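Participant: next one to model:
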Amino acid sequence: MEHAAQSAIVTPGRRVAAWSLDFGVVVLLTVALGWVTQCRIGDYLSDWPSLGASSAWELMESEGDVKAAGVEVGSGVMGELMSLVTQGFLALIALTALLRFATLAWTGHSAGGALAEVRIAAHGPDQRLSRGRAARHAISTTVKDVGLYATACIALVQAPSCSPHCSGCSRSPS
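Facilitator: Residues are numbered from 1 along each chain as shown. Reported below is the predicted structural model:
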């Protein structure tokens, strides 16, 4: 009985270790998704015959306005690249939430918590963590750890450029 009460006390060091291990899992997931996104971008850009054909078509349709054709082609390529990066960030959010929910619902621990012996406390007579509570905990930790950062990155990627030569901005050049 004394051993059970003693193991229920979680020291700050064990909490930091559990958080660090969970963070390491997210970093590994981020690296894997970054690699996949880089491969997808490389595949898109390596299809140069298709990109060249669409560029030539834009030039022919531009009626001699080379600048407008270049802007159209560049915007199309950048739009596709930004879409691929955004998909990578959204996949990071979804997979992190799914991984956390699966580990919490199955074991009652996060991945790092299992190694550091830190359990999410359940209230009530049943000491198992309910699926609803596991889902709420997984979503809240994902939003705190990954979601806000990824959303900020998506906003930066999708935001229009605000250079002095940008026609999409209301800012006047200095």
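Participant: C-alpha from now on. contacts and neighbour counts both.
Facilitator: Fine.
Participant: count of neighbours near Thr142?
Facilitator: 23 (other CA atoms under 10 Å).
Participant: right, and it touches Leu95 too?
Facilitator: No - with contact defined as CA atoms under 8 Å, Thr142 does not reach Leu95; the gap is 9.6 Å.
Participant: state the pLDDT value of Ser46.
Facilitator: On pLDDT, Ser46 comes in at 90.
Participant: and it, how many neighbours does it have?
Facilitator: When neighbours are defined as other CA under 10 Å, Ser46 has 11 of them.
Participant: low-confidence stretches in this protein?
Facilitator: Scanning the chain for pLDDT under 70 picks out 1-8, 119-128, 160-174.
Participant: after the lengthiest helix in it comes which helix or strand?
Facilitator: Determined from DSSP state H, the single longest helix within the chain is helix 66-107. Using DSSP states H and E, the helix or strand that follows helix 66-107 towards the C-terminus is helix 111-116.
Participant: measure Asp22 to Ala135 for me?
Facilitator: With the distance defined as CA to CA, to the nearest Å, Asp22 ends up 16 Å from Ala135.
Participant: to clarify, my last question referred to Leu45.
Facilitator: Between Leu45 and Ala135 the computed distance is 39 Å (CA to CA).
Participant: higher neighbour count, those two?
Facilitator: Neighbours per residue (other CA under 10 Å) separate Leu45 from Ala135, with Ala135 holding more: 19 against 14.
Participant: which helix or which strand is home to that one?
Facilitator: Going by DSSP H and E, Ala135 is part of helix 131-142.
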